[in-house]
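Asks: Take this sequence and fold it.
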Amino acid sequence: MRKIIKSAASLILIMSLLLGMNISVCAEKSREDSMSAEGFYASGEVLVLYDRDFVRAKALKERKESEIQVLSEHNGQEIALVEIPRNMTVEEAVEYYEEQEGVLAATPNYTLTLYEDTAATNDPYAYRQSYMEQVLAEEAWTYCSYFPREKIRVAVLDTGADLNHPDLKNVINAGISREILDDDGTMGPLKGDGYMNGVYSESRTGHGTHVCGIIAAQANNMEGIAGVGTCGDNSAIELMAVDVFSADKTTKLSYLLYGMEYAASQGARVINLSLGVEKASLASDLDDRIMQARCDWLASQGITMVCAAGNDGRYDNGVITDVPGDYYSTVSVMAVDDSGNRASYSNYGSRKDVSAPGNNLYSTFPGGIYMTMTGTSMATPVVTGTVGMMYALNPDIKPAEVKRILTDTAQKSEMKIIDCEKAVMAANLPFKDISPKGWYYKNIGYVYSRNVMQGLNGEEFGTNRTLARAQFAKMLYRMNGEPKIEYQDKFPDVKEGEWYTDAVLWANQIEVVTGYTDTGKFGPSDNITREQMAVMMYRYAQYKGYSLDNQDDISRFWDAASITPFAREAMSWAVGNGIITGKDSRILDPKGYAIRAECAAIIQRFIEKYE
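Replies: Okay, here's the model as predicted:
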């Protein structure tokens, strides 16, 4: 008896696909098909979920060992591919095994089909990759650039990949990429995209190559495109490709199971599955608990599975209709068009998690060229690339947290379009008192990434807490590179060795801050007002030699008269350059205390304006 791999996680995905007759790689809109279940599964064999502790020994006594091939073995259960007697139909075998004591479930070894209703076409303008702008991918790269990253292995289970493509040859780990060669799960080195059982097919779809490019096509190599998950410097993702297709655009579930097991065994943290099946399309009501249990197990091992929602334009009505994407332990990806509206072909509903652009995405294609393809299959790797960057910043993040972050940080639209920038921030920010839905979220992520503002402690940013004068001096000091300062007894309340001492003395030396004229003290713990903040930033801009143009007529604000004379010019400059805005169109609140969230926004505006 041969045991294949050791990770049961992949089982789920396979079994999920078991549940539908029309199983499609969702690259293109799937067709309605009136065929019966016959022809959608392999003859002469079934998949059986055994209770290992009770039934396996008994089963082997009754059957020849060669007739039972173990595909997966975990948690006291085994999935086996069982050869059935010639005088028994698949339907009879399923019914027979379902009734046996110790058998938890049985199902046909369904055939997976790659449908192509929309052919890939060359588009000379598609290189613009507008989908990158829609999901704020480059903004995510900028954020990632400020932090160390761990390269994460992402598995693409598909039709293979062109290993010699100039945008993929340095991204895909060819040494561990594989092709399944036969029903026994024999694996050989991946030869490319479109091979079936090791033999090249002229009818290749290029689907796997296209998916790989969207995820991680090499950036900044003067070739073609850049993948969503590259961080701009190719530091986040290493791809592994596993060809799980056994025939022309079709495969068996057992092949997919082998591929999932192998990916997990090779340390993949993210698995892209641009496949899916409509649960309700089954000719018979088969039990999908096997698949769901295995999906849950995969997530428990720290592996996030990103799945296509499907291309039938169908609403899920709040129930599981498309698997495995509709499970809580996986991420289901819908597709939107260039305007952010639901793509007409995309499945949708409350069981779906997020969306990404899916129309005419330009990506790598076999032969070293580039093509456009359409479908939830194309939207899925956009999300996979984002998830890869999240893991690169935070390798300890859990799949449930990944899913929550993706949904919580999604752009404000009915389709929940992913926001790559917010997602990577949320995976990395340690503060528990900030919400991704807060207006300040990206501002805090911005100043944190540049080490301008840190938390009050390891878990608290203090969003609504007021800001002290010493804290703001420290921020400007960090922005200037924290130069070494000799201690001077300048202020009676600024003692040597305090966390703010060097910052306050530096700010005083360059005439950004002065002490109170009546006491000579600095007041490090005194709350800073909005006008004091404007003055300190104005003086800092002078010190740096920045332009002080664009003074604004602030008399239009109702409370302009309350601005202290020494701060009037600074407030006019800050408002004129968009650094400080009114609390509404009529109020500046110059003597109001600044809170930390407001300060984060003001600092970001200043840096983006001048630096």
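
Asks: just checking, residue 109 touches residue 254?
Replies: Yes: using C-beta atoms under 8 Å, residue 109 makes contact with residue 254 at a distance of 5.4 Å. Yep, even glycine has a C-beta here, placed from its N, CA and C like the rest.

Asks: Report the set of residues contacting both of the two.
Replies: Contact criterion C-beta atoms under 8 Å, 6 or more residues apart in numbering; residues shared by residue 109 and residue 254: 42, 47, 81.

Asks: how much space between the last one and residue 522?
Replies: Distance, residue 81 to residue 522, by C-beta to C-beta, to the nearest Å: 76 Å.

Asks: And the shared contacts of residue 109 and residue 254, which is closest to residue 485?
Replies: The shortest gap between residue 485 and any of these belongs to residue 47, at 70.5 Å (C-beta to C-beta).

Asks: Backbone torsions only: list them for the closest one.
Replies: When read as degrees, to the nearest 10, the backbone of residue 47 gives phi -100, psi 130.

Asks: From residue 494, how far off is it?
Replies: 73 Å.

Asks: Look up how far residue 289 lies from residue 352.
Replies: As judged by C-beta to C-beta, residue 352 and residue 289 stand 21 Å apart.

Asks: between the two, which one's more packed in?
Replies: Taking neighbours as other C-beta atoms under 10 Å, residue 352 and residue 289 compare with residue 352 leading, 25 against 12.

Asks: Apart from its chain neighbours, what residue comes closest to residue 392?
Replies: Nearest residue to residue 392, sequence neighbours excluded (C-beta to C-beta, 6 or more residues apart in numbering): residue 236, at 3.8 Å.

Asks: Does the helix or strand residue 251 falls within pack against any helices or strands, and if so which?
Replies: Here residue 251, judged by DSSP states H and E, is contained in strand 250-252. Judged by 3 or more C-beta pairs under 8 Å, 6 or more residues apart in numbering; DSSP states H and E, strand 250-252 is in contact with strand 103-113.

Asks: helix or strand right after the strand it packs on?
Replies: Counting by DSSP H and E, the element after strand 103-113 in chain order, helix or strand, is helix 130-134.

Asks: hang on, the earlier thing: quick one: which of the shared contacts of residue 109 and residue 254 is nearest to residue 143?
Replies: Out of those, the member with the shortest distance to residue 143 (by C-beta to C-beta) is residue 47, at 43.9 Å.

Asks: For the closest one, name its beta-bridge partners.
Replies: Partner residues in beta bridges with residue 47, using DSSP bridges, are residue 81, residue 107.

Asks: Give me the buried positions along stretch 568-576.
Replies: Neighbour counts over stretch 568-576 (16 or more other C-beta atoms under 10 Å) mark 568, 570-576 as buried.

Asks: residue contacts, residue 225?
Replies: When contacts are counted by C-beta under 8 Å, 6+ apart, residue 225 touches 127, 129, 167, 213, 217, 362-364, 370.

Asks: so how far is residue 193 from it?
Replies: In terms of C-beta to C-beta, residue 225 sits 17 Å off from residue 193.

Asks: now swap in residue 161 and tell me
Replies: Computed as C-beta to C-beta, the residue 161 to residue 193 distance reads 5 Å.

Asks: How about residue 341?
Replies: Going from residue 341 to residue 193 by C-beta to C-beta gives 32 Å.

Asks: Which of the two has more residues huddled nearby?
Replies: Using other C-beta under 10 Å as the criterion, residue 341 and residue 193 rank with residue 193 on top: 30 against 13.

Asks: need the contact list for that one.
Replies: Applying C-beta under 8 Å, 6+ apart to residue 193 gives the contacts 159-162, 204, 206-209, 243, 366.

Asks: Which ones among the contacts of residue 225 map onto helices?
Replies: Using DSSP state H, the members of the contacts of residue 225 that fall within helices are residue 213.

Asks: what about residue 562, how many neighbours?
Replies: As a measure of burial, residue 562 has 12 neighbours, counting by other C-beta under 10 Å.

Asks: close enough to count as contact, it and residue 591?
Replies: Yes: under the criterion of C-beta under 8 Å, residue 562 makes contact with residue 591 at 6.3 Å.

Asks: distance of the residue positioned nearest the centre of the chain from residue 333?
Replies: Taking C-alpha atoms, centre = their mean, the centroid of the chain lies closest to residue 387, which sits 2.3 Å from it. Relative to residue 333, residue 387 is positioned 10 Å away (criterion: C-beta to C-beta).

Asks: what do you get for residue 379?
Replies: As judged by C-beta to C-beta, residue 379 and residue 333 stand 5 Å apart.

Asks: what sits opposite residue 369 in the beta ladder?
Replies: Going by DSSP bridges, residue 369 is paired in beta bridges with residue 365.

Asks: pLDDT averaged over the lengthiest helix in the chain - what is it?
Replies: In the chain, assigned by DSSP H, the helix with the most residues is helix 376-393. What helix 376-393 shows for mean pLDDT is 97.

Asks: got a list of what residue 567 touches?
Replies: By C-beta under 8 Å, 6+ apart, residue 567 lies in contact with 531-532, 534-535, 590.

Asks: what do you get if the cut-off is 7 Å, keeping everything else the same?
Replies: Residue 567 is in contact with 531, 534-535, 590, counting by C-beta atoms under 7 Å, 6 or more residues apart in numbering.

Asks: Could I get the CA-only coordinates of the host helix or strand of it as PDB?
Replies: Residue 567 belongs to helix 565-576 when elements are defined using DSSP H and E. Provided in PDB are the C-alpha atoms of helix 565-576 (Å, rounded to 0.1, in the frame of the first residue of the first chain):
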ATOM      1  CA  PRO A 565      -0.900  86.500  16.700                       C
ATOM      2  CA  PHE A 566       2.400  84.600  16.800                       C
ATOM      3  CA  ALA A 567       0.600  81.600  15.200                       C
ATOM      4  CA  ARG A 568      -1.300  83.400  12.500                       C
ATOM      5  CA  GLU A 569       1.200  83.100   9.700                       C
ATOM      6  CA  ALA A 570       1.900  79.500  10.500                       C
ATOM      7  CA  MET A 571      -1.800  78.600  10.500                       C
ATOM      8  CA  SER A 572      -2.300  80.400   7.200                       C
ATOM      9  CA  TRP A 573       0.600  78.400   5.700                       C
ATOM     10  CA  ALA A 574      -0.700  75.100   7.200                       C
ATOM     11  CA  VAL A 575      -4.200  75.600   5.800                       C
ATOM     12  CA  GLY A 576      -3.000  76.900   2.500                       C
END
